[in-house]
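based on what follows, work out the 3D shape:
(one chain, ligands or ions: 1)
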Amino acid sequence: MDIQEARARAGSNIALVKYWGKRDEALNLPATGSLSITLDTLHTDTRLVPDPSLAADQFELNGRPADPARLRAFLDRFRALAGREGHFQVISSNSFPTSAGLASSASAFAALAVAANRAFGLDLSPTRLSELARQGSGSAARSIFGGFVEMARGEAPDGSDCVARPLAPAEHWPLEVVVAVTSEEAKSVSSSEGMRRTMRTSPYYPAWVEQVDRDLALARESILSRDFAALADVAEASALAMHASALAARPGVIYFKPATLACLERVRELRASGLDVFFTVDAGPQVKAICRPEHRRPVADALAELPGVHRVLEARLGPGAVELP
Ligand code: 2P0
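Model (predicted):
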């Protein structure tokens, strides 16, 4: 069969129990499990156009040429599985700012995995695509699935059981997300480098690892029983503990801006005033506020008016990665 043109879309995801640190950098195996929600309006669309004239894959992101190195290595795995040569023009667009702690690598590699599966006619299962997406970026394994998703740490040395699985669909508990964007610049320390430095030098890293399994159990239970207060407690604790371990690295990894802290304070005030909302923060300065649908408007308005908040993005829980016609 010829190599086909293929298109796919994948939503970004936000971890409620964080992934921070790798046990194997070559295979990209995380040190712990993690748990996330996949989003609908923050997504990557990717088109793979086979081009026999190319000696190597070309990459265009948001209408501009972009560095193809990671993508070439990723597509090499699919070429090896298919036993085929063949290079692509890869054309991607993000519906949100790139490299600012909004997990663009998650939606990017999930969309690429689904598109490459179709382009090479491989017919791989979602679980297998999750394993492959993980090798592009750890968080991408989770964006293969929609709704609430749990990523396993896995035990197998080759990483074959280090995959995500759906925990509950978006309809189980239709929470919504407000992202307060406090900076649109690319972050100064990549998450891979931040993780590496934390693992090697932070005295709090072992305590972080020890806490994750307990947090995963609490988050799983609170999602399955739709216990908002319990999920708020564990998600905020997981995010703050991740940042605490990174802050204690040498030199300390600081992702927060002043406006990040202002947002955290505001979210806690809103919760004290009776709104169901909690925060999380990834490897960047943006704050993600997770809330019930009826509280999204007041949460978005309250965060948008804080000094240092450039804009707010809004999303619902969304589906897993899909092929586009
Ligand atoms: C997460 N983050 O669980 C955590 C919390 C950022 C903070 O997954 O090196 O881009 O490509 O496997 O997936 C961001 O890390 O890292 C991330 P790689 P990735 O969402």
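
which parts of the stretch 51-200 of the chain sit against the ligand?
Ala103, Ser105, Ala106, Ser137, Gly138, Ser139, Ser191, Ser192 (C-beta under 6 Å from any ligand atom). Every residue, glycine included, has its C-beta placed from N, CA and C.

show me which of those is closest to Ser36.
The nearest member of these to Ser36, counting by C-beta to C-beta, is Ser139 at 7.4 Å.

low-confidence ranges in the chain?
1, 97-101, 103 (pLDDT under 70).

where do the helices sit along the stretch 201-325 of the chain?
205-224, 228-247, 258-272, 296-304 (DSSP state H, counting those that start in this stretch).

in terms of secondary structure, what does the second one contact?
Where contact means 3 or more C-beta pairs under 8 Å, 6 or more residues apart in numbering; DSSP states H and E, helix 228-247 is packed against strand 6-17, helix 191-201, helix 205-224, strand 277-280.

strand partners (parallel or antiparallel) of the first one?
The reference is to strand 6-17. strand 34-50 (antiparallel), strand 322-324 (antiparallel) (DSSP bridges).

so which of those strands comes closest to the ligand?
strand 34-50 (4.7 Å; C-beta to the nearest ligand atom).

where do the strands sit along the stretch 51-200 of the chain?
Taking DSSP state E, counting those that start in this stretch, the strands of the stretch 51-200 of the chain run over residues 58-61, 64-65, 88-94, 148-151, 164-168, 176-181.

closest to Ala6 out of these?
strand 88-94 (9.1 Å).

got the angle between that closest one and strand 34-50?
Strand 88-94 and strand 34-50 are oriented at 140 degrees to each other (axes from the mean of the first three to the mean of the last three C-alpha atoms, to 10 degrees).

give me the contacts around strand 88-94.
With contacts defined as C-beta atoms under 8 Å, 6 or more residues apart in numbering, strand 88-94 is touched by 43-51, 54, 57-63, 66, 68, 71, 75, 104, 107-108, 111-112, 119.

buried residues in that strand?
Going by neighbour count (16 or more other C-beta atoms under 10 Å), the buried part of strand 88-94 is Phe88, Gln89, Val90, Ile91, Ser92, Asn94.

what of stretch 205-217?
Tyr205, Trp208, Val209, Gln211, Val212, Asp215, Leu216.

return the member of these nearest to the ligand.
Distance to the ligand across those (C-beta to the nearest ligand atom) is lowest for Val212, with 10.5 Å.

and the nearest residue to that closest one once chain neighbours are set aside, which of the three is it?
Among residues not flanking Val212 along the chain, Thr32 sits closest, at 4.0 Å (C-beta to C-beta, 6 or more residues apart in numbering). For Thr32, the assignment made with DSSP: H, G, I helix; E, B strand; the rest coil gives coil.
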